[in-house]
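In: Next one to model:
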Amino acid sequence: MDNPLSPVELRVLGALIEKESTTPEYYPMTMNSLLAACNQKTNRWPVTDYTEGDVTEGIDGLKPRGFAASITGNGRVTKFAERFTEKLNLGRRETAILCVLMLRGQQTMGEIKGRAERIYAFADLDETETVLQKMMGTFVHKLPHAPGTKEPRYAHTLGGPVEAAAAPIQPDRVSALEAEVARLRDEVADLRRRLDEVLN
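Out: Residues are numbered from 1 along each chain as shown. Sure thing, here's the model as predicted:
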């Protein structure tokens with residue numbers, strides 16, 4: 001993409017696209033809600049700690065391209081909306097894929113299918129692959145297999161040339177590991193109690 005988007009512009013744009021579909025009752029978004037959406041601790045990679053100034057800078061970078069707009073309603077509170085999908089004439093399937101890649105980084109096809117469903121529910125992996133193939137060379141890049149991985153990952157090209165990044169530990173994996181550790185601690189505590197009963 002000519003004139004690539006910065007990381008904060010990508011995060012702001014991704015958050016606006018996501019919330020337009022998932023929480024339409026709170027869209028367009030106030031600065032506070034947009035800032036919170038950008039810095040969410042779930043469904044984001046990397047997790048960020050942007051300031052209001054950062055998000056304002058992101059909005060200001062998107063506006064001249066026609067990718068975002070400020071809206072002042074009756075309440076006189078400025079709200080923000082995305083114009084990216086309209087500007088580039090993107091369908092819901094393409095929008096869903098780009099949103100996932102903007103907010104969560106490089107993803108496998110299966111991850112894209114599963115994580116896009118709040119915006120568009122792909123019927124199966126074949127449909128996902130068909131749309132990805134159509135987007136290749138314009139918005140999406142297929143990365144070569146990384147060592148030790150079974151599936152290739154995909155990345156958007158809105159931020160410029162793409163290089164393979166280390167796959168993040170997904171929050172659901174971390175949660176599963178934490179739950180397993182808690183279960184094992186409980187078992188150890190239970191075994192200690194039984195042992196104490198036998199010895200005493």
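In: out of everything not next to it in sequence, what's closest to the one residue sitting closest to the centre of the chain?
Out: Residue closest to the average C-alpha location in the chain (C-alpha atoms, centre = their mean): Leu103, at 2.3 Å. Nearest residue to Leu103, sequence neighbours excluded (C-beta to C-beta, 6 or more residues apart in numbering): Gly14, at 4.2 Å. (Glycine included, C-beta is placed from N, CA and C.)
In: buried residues in the one helix or strand the one you found maps to?
Out: Gly14 is located in helix 7-22, with elements delineated by DSSP states H and E. For helix 7-22, a neighbour-count test (16 or more other C-beta atoms under 10 Å) marks 8-20 as buried.
In: for those residues, which one is nearest His156?
Out: Lowest distance from His156 to the buried residues of helix 7-22 (C-beta to C-beta) belongs to Leu10, with 8.0 Å.
In: Which is the succeeding secondary structure element to the host helix or strand of Thr85?
Out: Assessed by DSSP H and E, Thr85 sits inside helix 84-87. Scanning forward in sequence from helix 84-87 by DSSP H and E, the next helix or strand is helix 92-104.
In: With just CA atoms, put that following helix into PDB.
Out: Extracted C-alpha coordinates of helix 92-104, given in PDB (Å, rounded to 0.1, in the frame of the first residue of the first chain):
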ATOM      1  CA  ARG A  92     -18.100  -7.600   4.900                       C
ATOM      2  CA  ARG A  93     -15.900 -10.600   4.200                       C
ATOM      3  CA  GLU A  94     -12.900  -8.500   3.300                       C
ATOM      4  CA  THR A  95     -13.600  -6.100   6.100                       C
ATOM      5  CA  ALA A  96     -13.700  -8.900   8.700                       C
ATOM      6  CA  ILE A  97     -10.400 -10.400   7.600                       C
ATOM      7  CA  LEU A  98      -8.600  -7.000   7.600                       C
ATOM      8  CA  CYS A  99     -10.100  -6.100  11.000                       C
ATOM      9  CA  VAL A 100      -8.800  -9.400  12.500                       C
ATOM     10  CA  LEU A 101      -5.300  -8.900  11.000                       C
ATOM     11  CA  MET A 102      -5.200  -5.200  12.100                       C
ATOM     12  CA  LEU A 103      -6.100  -5.900  15.700                       C
ATOM     13  CA  ARG A 104      -4.500  -9.300  16.300                       C
END
